[in-house]
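Asks: give me coordinates for this.
(one chain, ligands or ions: 1)
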Amino acid sequence: MRAEALSHTGLVRPGNEDYFISDVERGLFAVADGMGGHQAGEVASHLALRALEDRLFNGPAGEPLSRLLGAAEFANEIVYRCSLASQERAGMGTTLTAIWIVGSKGFLVHIGDSRAYLLRDGQLQVLTNDHSYVGELVRSGGLTAEEARLHPRRNILTRALGTGGTVNIDSREIELKPGDRLLLCTDGLYEVISDEELAEIVNHHQELGEAARELLRLALERGGPDNVTVVLALYE
Ligand code: MG
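Replies: Have a look, this model is predicted:
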């Protein structure tokens with residue numbers, strides 16, 4: 001594996017509540033987009049990814065997908081408990097999209113409106129469903145993806161990590177082929193760059209770092225309204 005990752009505050013938000021993991025040695029890649037006032041969003045995204053990583057590599061043995069899912073559920077518990085412990089952190093939560101590569105397989109867990117994409121043979125495929133008000137409308141046919149991208153209520157999440165004692169996390173596994181590229185990102189990227197443009201940029205820049213920097217550059221050129229996080233990994 002090879003990977004490049006970057007995270008930027010953008011041009012409007014006062015702080016960066018996104019966080020990521022790009023761990024080539026252990027094959028773990030993740031993004032989290034925190035929410036909550038008084039910097040609680042930053043606490044939630046950091047706490048979630050540290051808990052996920054810790055539980056995954058130091059927790060109970062088992063099949064990769066159930067281990068990863070167990071680690072995500074553990075992260076939920078940690079963030080939720082922390083939110084109950086202080087008034088400033090009440091109601092905080094985070095998105096979580098993580099892929100763990102084991103052998104030729106990618107194991108994925110996902111909750112919220114960050115995204116994972118697979119780029120294979122020049123084609124871009126989204127691997128996750130947005131757990132958001134507009135995401136549900138797109139899936140039921142009430143909105144097009146383009147309308148959703150510009151919708152005033154696009155930031156309302158229908159599911160998040162850490163906002164309740166129980167949580168419903170999507171999980172799946174995919175078979176990887178050499179040359180596959182995986183793109184994990186927060187909504188700060190795809191809200192200002194369409195899927196067609198994402199595919200074009202990643203296909204045009206074979207070097208991962210160049211592609212990631214070009215994606216960020218374009219997001220900022222378009223106003224950088226939100227924190228932007230990109231993790232781009234190549235399966236060799
Ligand atoms: Mg965001």
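
Asks: gap between the two ends of stretch 178-195?
Replies: 22 Å (Cα to Cα, to the nearest Å).

Asks: in it, what's buried?
Replies: The neighbour-count check on stretch 178-195 (16 or more other Cβ atoms under 10 Å) flags 180-193, 195 as buried. No exception for glycine: its C-beta is placed from N, CA and C like everyone else's.

Asks: out of these, which one sits closest to residue 72?
Replies: The shortest approach to residue 72 among those belongs to residue 184, at 14.3 Å (Cβ to Cβ).

Asks: give me the distance from the host helix or strand of residue 77 to the chain's centre.
Replies: Counting by DSSP states H and E, the element that carries residue 77 is helix 64-85. Centre-to-centre, helix 64-85 and its host chain are 16 Å apart (Cα atoms, centre = their mean, to the nearest Å).

Asks: near the ion, from the buried residues of stretch 178-195?
Replies: 186-188 (Cβ under 5 Å from the ion).

Asks: turn those into TSV, including secondary structure and pLDDT.
Replies: Supplementary listing: those in TSV, determined by DSSP: H, G, I helix; E, B strand; the rest coil; pLDDT from 0 to 100:
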residue	secondary structure	pLDDT
186	coil	98
187	helix	96
188	helix	97
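
Asks: including distance to residue 213, could those residues go into a markdown table?
Replies: Formatted as a markdown table, those follow (distance: Cβ to Cβ, whole Å):
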| residue | distance to residue 213 |
| --- | --- |
| 186 | 16 |
| 187 | 19 |
| 188 | 15 |
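
Asks: residues in contact with the least confident helix or strand in the chain by mean pLDDT?
Replies: Here the helix or strand of the chain ranked lowest by mean pLDDT, DSSP states H and E is helix 145-150, holding a mean of 87. Residues outside helix 145-150 that contact it (Cβ atoms under 8 Å, 6 or more residues apart in numbering): 130, 134-135, 137-138, 154, 190-191, 194-195.
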